[in-house]
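S.K.: For reference, the sequence and a predicted model appear below.
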2 protein chains.
Amino acid sequence: MEKIRLIDIKEEILSENKGLAAKLRKGLKEKKVFLLNIMGSPGSGKTSLIKSTIESLAGHCELAVVEADIDSIVDSEAVSALGVRTVQIKTGGFCHVDANMIEKALEELPLKKLDLVILENVGNLVCPAESDTGALKSIVILSVPEGDDKPLKYPLIFTVADVLVMSKLDTLESFDFNVKEASRRAKALNENLKLFPLSCKTGEGLGDWIEWLTGELSAFKNRSI
Amino acid sequence: MEKIRLIDIKEEILSENKGLAAKLRKGLKEKKVFLLNIMGSPGSGKTSLIKSTIESLAGHCELAVVEADIDSIVDSEAVSALGVRTVQIKTGGFCHVDANMIEKALEELPLKKLDLVILENVGNLVCPAESDTGALKSIVILSVPEGDDKPLKYPLIFTVADVLVMSKLDTLESFDFNVKEASRRAKALNENLKLFPLSCKTGEGLGDWIEWLTGELSAFKNRSI
């Protein structure tokens, strides 16, 4: 009985969040601001991907970053060191970012001047999957050291994401990770998932990811609402 | 306002759980069954530590494993292949294990015959920290590939745990992970935290962990309630 009550509360919160996220997404489309949500386990390489992406896009578009963490501002510091405008959300124990938090974070940014806002979600392969942030596209990162069985164990996040980045590809020799197997398992959950195996350390595969992102950004800019 | 309501609901659920967990812990003490809760990110090496622990304790005590996953039974299969009685909890989207789930899992086990029950919590560095499972001791695993900044970013789990296992020590050369720095950051949150840097692959450091665990088990057996 306890369990059933818990689910009801959860559904109610998620449903309210969905409405707010849809409103947020509509507003961002009107302002021509592309919100990109980056999800993944702690230490999967979210900040590294964001830093590499910022470097690759330098001069091509105006961007800002929203960093969400339970506590600490180490990621914001790393990102703002690249000269990029950064807003830090401290979730204070919350395990994911919801649309309400994003709405508040976006108020701190000069949206009229921006093309792209990258959100680094809380490091968590479970809860962020359930909570719509208002993002136009969502990325899940799975790092080689985590293992290729993760799509079996955390299916929802691979189902809701638009892109799977397989990170830390340079460490393939040290771990039992089969890129083909991980891809097959993720595709079985979500046949539209785009796959980018890459290493931010060596740069391998990074070009394909950037090409996809710039293509999406340009299609978004030219789209009528 | 929305946020405040969410916190209230959460507090209420957590407080109910705390009562049930305390009751469960008392019952297990009476039955002389030691419940060990293993927490950590997806892919941090929880199953590997459990498998190595089972092999090291073989013949020394009677144990069973409770595996909790959002979905899939791959870990249960790996553990039960070692000839150990295993109960699988499918949390169906829930991001952590609570006392209610453990109570149900324990009903499936012959507690009178057991000395130790190892719980593999859901792979998550956030939510399991908040929910008492009724365990006597809780372990958090931080793997070298995740990075030594995790105590800064996910402080609660390092605060509530009794033991920090730093896993995949054999991969130190491939990653920017400073064992001393990780230890210092974790100890700053919780000065009583026991630290075990180890590798299940090479066996390095595993002896110290097993020595600690068998010491705890034996003290627990000989303790008057």
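M.R.: Right, received. Where do you want to start? Keep in mind that what you see is a predicted model, and the values were worked out from it rather than measured.

S.K.: quick one, phi psi at A:Pro110?
M.R.: phi -80, psi 80 (degrees, to the nearest 10).

S.K.: Also A:Ser41?
M.R.: phi -60, psi 160.

S.K.: I'd assumed A:Cys127 was in contact with it.
M.R.: No: A:Ser41 is not in contact with A:Cys127 according to C-beta atoms under 8 Å; the separation is 11.8 Å. The C-beta positions use only the backbone N, C-alpha and C, and glycine is treated the same way.

S.K.: Who has more neighbours out of those two?
M.R.: A:Ser41 (29 against 24; other C-beta atoms under 10 Å in any protein chain shown).

S.K.: Would you mind giving me the confidence score for that one?
M.R.: Note for A:Ser41: predicted pLDDT of 96.

S.K.: go on, the one 10 residues further on?
M.R.: According to the model's per-residue confidence, A:Lys51 sits at a pLDDT of 96.

S.K.: A:Ser80: how many residues sit nearby?
M.R.: 16.

S.K.: before we move on, what about A:Arg223?
M.R.: A:Arg223 has 9 neighbours, counted by other C-beta under 10 Å.

S.K.: Can you show me the strands along chain A?
M.R.: Along chain A, counting by DSSP state E, strands occupy A:34-40, A:63-69, A:85-90, A:116-120, A:137-143, A:163-167, A:194-197.

S.K.: The third one - which strands sit beside it in the sheet, and in what orientation?
M.R.: It stands for strand A:85-90. If you go by DSSP bridges, strand A:85-90 pairs up with strand A:63-69 (parallel).

S.K.: likewise the last one?
M.R.: Sheet neighbours of strand A:194-197, with direction, are listed as strand A:163-167 (parallel) (DSSP bridges).

S.K.: thinking again about what came up before, switch the strands of chain A over to JSON lines; also include mean neighbour count and distance to A:Leu57.
M.R.: Shown next, in JSON lines, are the strands of chain A (neighbours: other C-beta atoms under 10 Å in any protein chain shown; distance: least, C-beta to C-beta, whole Å):
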{"stretch": "strand A:34-40", "mean neighbour count": "26", "distance to A:Leu57": "11"}
{"stretch": "strand A:63-69", "mean neighbour count": "25", "distance to A:Leu57": "6"}
{"stretch": "strand A:85-90", "mean neighbour count": "19", "distance to A:Leu57": "14"}
{"stretch": "strand A:116-120", "mean neighbour count": "26", "distance to A:Leu57": "7"}
{"stretch": "strand A:137-143", "mean neighbour count": "25", "distance to A:Leu57": "15"}
{"stretch": "strand A:163-167", "mean neighbour count": "25", "distance to A:Leu57": "16"}
{"stretch": "strand A:194-197", "mean neighbour count": "19", "distance to A:Leu57": "15"}
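
S.K.: Compare the ones you listed and report which one is nearest to B:Lys201.
M.R.: Set against B:Lys201 and scored by C-beta to C-beta, the strands of chain A come closest in strand A:137-143, at 17.4 Å.

S.K.: Output the closest one as PDB, nothing but the C-alphas.
M.R.: Listed in PDB are the C-alpha atoms of strand A:137-143, where the atom choice follows Å, rounded to 0.1, in the frame of the first residue of the first chain:
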ATOM      1  CA  LYS A 137      17.600  17.200 -27.300                       C
ATOM      2  CA  SER A 138      18.900  14.900 -24.500                       C
ATOM      3  CA  ILE A 139      22.200  13.100 -24.500                       C
ATOM      4  CA  VAL A 140      23.100  10.200 -22.300                       C
ATOM      5  CA  ILE A 141      26.800   9.400 -21.800                       C
ATOM      6  CA  LEU A 142      28.000   5.900 -21.100                       C
ATOM      7  CA  SER A 143      31.700   5.600 -20.400                       C
END
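
S.K.: packing partners for that strand?
M.R.: Helices and strands touching strand A:137-143, by 3 or more C-beta pairs under 8 Å, 6 or more residues apart in numbering or on different chains; DSSP states H and E, are strand A:34-40, helix A:46-57, helix A:155-160, strand A:163-167.

S.K.: So which of these is nearest B:Phe175?
M.R.: When those are compared by C-beta to C-beta, helix A:46-57 sits nearest B:Phe175, at 11.8 Å.

S.K.: Give me the contacts around the closest one.
M.R.: A:38-40, A:63, A:65, A:75, A:78-79, A:82, A:84, A:116, A:118, A:120-121, A:123, A:139, A:141, A:165, A:167, A:200-201, A:203, A:206, A:209-210, A:213-214 (C-beta atoms under 8 Å, 6 or more residues apart in numbering or on different chains).

S.K.: what is the most centrally placed residue in chain A paired to in the beta sheet?
M.R.: Nearest to the mean C-alpha position of chain A, by C-alpha atoms, centre = their mean, lies A:Ile38 at 1.2 Å. With DSSP bridges as the criterion, A:Ile38 is bridged to A:Glu120, A:Ile139.

S.K.: hang on, it packs against A:Gly123?
M.R.: No: contact criterion C-beta under 8 Å: A:Ile38 and A:Gly123 do not qualify, at 10.3 Å.

S.K.: ok, the residue nearest to the centre of chain A - contacts?
M.R.: Contacts of A:Ile38 by C-beta under 8 Å, 6+ apart are A:46, A:49-50, A:118-121, A:138-139, A:141.

S.K.: shouldn't A:Ser131 be in contact with A:Cys95?
M.R.: No: using C-beta under 8 Å, A:Ser131 is not in contact with A:Cys95, being 9.2 Å away.

S.K.: Show the average pLDDT along stretch A:187-194.
M.R.: Stretch A:187-194 carries an average pLDDT of 97.

S.K.: what about that stretch, start to end distance?
M.R.: One end of stretch A:187-194 to the other measures 9 Å (C-alpha to C-alpha, to the nearest Å).

S.K.: buried ones in that stretch?
M.R.: If you call a residue buried by 16 or more other C-beta atoms under 10 Å in any protein chain shown, then stretch A:187-194 has these buried ones: A:189-190, A:193-194.

S.K.: Kindly report the same for stretch A:96-109.
M.R.: Using 16+ other C-beta under 10 Å as the test for burial, stretch A:96-109 gives A:96-103, A:105-106, A:109.

S.K.: got the contact list for A:Glu120?
M.R.: A:38, A:46-47, A:50, A:65-68, A:75.
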